[in-house]
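Enquirer: Here's my sequence, what's the structure:
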Amino acid sequence: MRFQCSPILSSIIATLCLLVTAGAASAQVCPGDEGCLVVHEAGGCSDEACCQNVCQADPFCCEEWDATCVELADATCVGLCGAMASGSCFVGGATPSCDDAECCETVCVIDPFCCETAWDVSCAFFAGSVCSTGGGECGDPNSGPCDEPGSTPACEDEECCEVVCVSDPTCCEVVWDFVCAALGQTLCGGTCVVVLDGNDQIEAEGCGSETNDPCEGGTAETIVAGRQFGGTFRLGGDVDVYALDLTDFDDDLDGEVRLRITMAAADATLAARGVGCDLDPVATVGSTSCQTSTLITCIPAIPTEFVVTPGPTTSGCGEPVYAIRIEVIDFCGEACGNPEDCLVPHESPGCDDPTCCDLVCTIDPLCCEWTWDSFCTVSAATNCGGDPPPNDLCDDAIEIGPEGIPSFRQLLAGVDGPDSECVEPALRGGDVWFRHRVACDGELLIGTCNLSDFDTVVDVYRGDCTDLVPVACNDDDGFCGTGSSVTLVPDVACGETLWIRVSGVDGGTGTAGIQITCFGGVCPCTADLNGDGIVDGADFGLLLSGFGPCPKKGDCPEDLDGNGTVDGADIGLLLASWGAC
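Expert: A predicted model of the protein is given here:
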């Protein structure tokens, strides 16, 4: 029904009627079919919240979305891609979206968080990488201060702008983002500090000597892969040389290894070369103003020297002026030809599904440059799908021994099992199942403590999959890392079977491990089926008499490995335990 306002109503009543009319109209047309930032004949627009706000301010917009409605949307619809009210794409903020629709939509494909929750500094960084604004001119007074992020390239101080853009050309080609602003602060009269701690290797060479430069009669200092090292330069010159034998990392003997060099320096360059002063470098990376630079490359797996040379602005002796970390992995093949599973984290880059690998690496290039970590696996599961884990169902529970299991996949698991007091049913995500045959008398500590990359809840049951009896559970344990869980199971008995269920909480998904710790007496050997203190022919006969499927999984003493069937594997376990217990 369309409301009509009488012209004879008082101004107060007329105002109330106008609001009622606007509310009724907006309810009918919001959301509309057309965008909120384009003029169209129909009333309303496609973003419901924006549509409601604009129609409340101007009820005519629910009849026809004209230029005035577009102006209102642009000025008031915070969180709408392309709206001026959402703020610059190149400055982080607390609200979602930004003022350039194309840039906003591009970034939100990479990270939906930017349009769903907040356009934070990470979103602003992505915008600086993928959104083009056209080149800028150093010294343009309309471009903004050099020490503050802007929405255009370049900055107003011509000399400072040119110095920064030598270090990072995107500052003059794409946008003057927060990285450029930081460079402006440090390169244009500011200071920078390289931070080293007690675990880092500090250069042994004295400030006035050249003891670690082989080309000046010294000896290169040996470094350890993965450990940060740093040092200083003598006033007016000096180079520092470090040695690392890369042949030790070449397990596949293909003659190459992959390096990741991370460097922060006041002003210095690192060059990798073979052992010899006359050899050309095979890789080079530099840093100024303590800005971190990263180089990932493959080089020959030979004894290698890393030569650190000061730049023209480096100061002399005093506090460390460079900090470097060199990491090594043995992978130099095609990343998307890597035989490792896309759904399982691994140290090398890429994975075994080329299509999925390409998609994930478009979103996060580091997945194909250095390591396929848990972020890459979650991205693969989200964007590519795949098979559920083999132990997705209770009936397919994996048998785990007295120490647990080092790693398992929960990605793409469904939910199978009863509710528990440790997590609200609506918050429980995918779960996987394990079966454990108790090997001690007393108490068991079972959990994912510091072994999970997602928020877990651990449930432990007795019984079987058709009649699970809750025993213990835990969501988050204060002594473990964020999201991991550990629970105490009291009064366990030798030989009984426990069912362990690990679920994601509030959308949590990933990989983890289970650790089991026993507090109590060790059980007698399980292969001693007649309990006479020795594993012998009598026990072998009992095992053979029970050969085949167990009547009830978990209630079959001859089933030594607990897989529900007495078979050759159990014979092997019995023979391995042969003799006195």
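
Enquirer: Contacts only, for residue 519.
Expert: Neighbour list for residue 519: 440, 442-445 [criterion: CB atoms under 8 Å, 6 or more residues apart in numbering]. In this view, the C-beta of every residue, glycine as well, is placed from N, C-alpha and C.

Enquirer: Most neighbours among those residues, please name it.
Expert: residue 444 (25 neighbours; other CB atoms under 10 Å).

Enquirer: still on that earlier bit, for residue 546, state which of the contacts of residue 519 is nearest.
Expert: Closest to residue 546 out of those is residue 440 (23.8 Å), distances taken as CB to CB.

Enquirer: who's the residue nearest to that closest one when sequence neighbours are not counted bridged to?
Expert: Counting by CB to CB, 6 or more residues apart in numbering, residue 440 lies nearest to residue 518, which is 3.8 Å off, once chain neighbours are set aside. Going by DSSP bridges, residue 518 is paired in beta bridges with residue 444.

Enquirer: Just give the number of residues close to residue 518.
Expert: 18.

Enquirer: mind listing what it touches?
Expert: 402, 439-440, 442-445.

Enquirer: Would you reformat the residues you listed as TSV and include distance to residue 365 and pLDDT?
Expert: Listed next are those as TSV, based on distance: CB to CB, whole Å; pLDDT from 0 to 100:
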residue	distance to residue 365	pLDDT
402	42	82
439	47	81
440	48	84
442	51	88
443	48	91
444	44	92
445	41	94
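
Enquirer: and the gap between residue 460 and residue 575?
Expert: Residue 460 is 32 Å from residue 575, where distance means CB to CB, to the nearest Å.

Enquirer: So for those two, which residue has more residues nearby?
Expert: With other CB under 10 Å as the criterion, residue 460 and residue 575 differ in neighbour count, and residue 460 comes out ahead with 25 against 11.

Enquirer: residues of whatever helix or strand the more buried one lives in that come out buried?
Expert: Residue 460 is located in strand 456-464, with elements delineated by DSSP states H and E. Of all the residues in strand 456-464, those buried under the rule 16 or more other CB atoms under 10 Å are 456-462, 464.

Enquirer: go on, stretch 319-329?
Expert: Neighbour count says stretch 319-329 has 320-329 buried, by 16+ other CB under 10 Å.

Enquirer: cool, stretch 54-65 as well?
Expert: Residues of stretch 54-65 classed as buried: 54-56, 59, 61-63, 65 (neighbour count, 16+ other CB under 10 Å).

Enquirer: Pick out whichever of those residues sits closest to residue 30.
Expert: Looking across those and measuring by CB to CB, the closest to residue 30 is residue 55, at 6.5 Å.

Enquirer: did I read that right, the closest one in a helix?
Expert: Yes. Assessed with DSSP: H, G, I helix; E, B strand; the rest coil, residue 55 lies in a helix.

Enquirer: Just say helix, strand or coil for residue 489.
Expert: Here residue 489 is recorded as strand under three-state DSSP.

Enquirer: From residue 128, how far out is it?
Expert: Counting by CB to CB, the gap from residue 489 to residue 128 is 52 Å.

Enquirer: quick revisit: direction included, what does the strand holding residue 460 pair up with?
Expert: strand 467-474 (antiparallel), strand 497-505 (antiparallel).

Enquirer: Mind putting these into a markdown table with distance to residue 525, mean pLDDT and mean neighbour count?
Expert: Formatted as a markdown table, the strands paired with strand 456-464 follow (distance: least, CB to CB, whole Å; pLDDT from 0 to 100; neighbours: other CB atoms under 10 Å):
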| stretch | distance to residue 525 | mean pLDDT | mean neighbour count |
| --- | --- | --- | --- |
| strand 467-474 | 25 | 93 | 17 |
| strand 497-505 | 17 | 94 | 24 |
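
Enquirer: related to what we said a few turns ago, which one of the buried residues of strand 456-464 is nearest residue 250?
Expert: residue 456 (37.2 Å).

Enquirer: That closest one and residue 504 touch, don't they?
Expert: Yes. With contact defined as CB atoms under 8 Å, residue 456 reaches residue 504; the gap is 6.8 Å.

Enquirer: Between these two, which contacts overlap?
Expert: Common neighbours of residue 456 and residue 504, counting by CB under 8 Å, 6+ apart, are residue 410.

Enquirer: thinking again about what came up before, now, which of the contacts of residue 519 sits nearest residue 267?
Expert: Using CB to CB, the contacts of residue 519 come closest to residue 267 at residue 445, 52.6 Å.

Enquirer: Let me see the contact set for that closest one.
Expert: By CB under 8 Å, 6+ apart, the neighbours of residue 445 are 486-489, 515-519.

Enquirer: Let's see that with 10 Å instead.
Expert: By CB atoms under 10 Å, 6 or more residues apart in numbering, the contact set of residue 445 is 472, 486-489, 515-519.

Enquirer: Likewise for residue 567?
Expert: Residue 567 touches 543, 547-549, 558-561, counting by CB under 10 Å, 6+ apart.

Enquirer: Need phi/psi at the most centrally placed residue in the chain.
Expert: Residue closest to the mean C-alpha point of the chain, counted by CA atoms, centre = their mean, is residue 375 at 3.6 Å. As for residue 375, its main-chain torsions (degrees, to the nearest 10) stand at phi -70, psi -40.

Enquirer: Likewise for residue 569?
Expert: According to degrees, to the nearest 10, residue 569 has phi -60, psi -40.

Enquirer: residues near the residue nearest to it when sequence neighbours are not counted, how many?
Expert: Nearest non-adjacent residue to residue 569, counting by CB to CB, 6+ apart: residue 561, 5.3 Å away. Residue 561 has 17 neighbours, counted by other CB under 10 Å.
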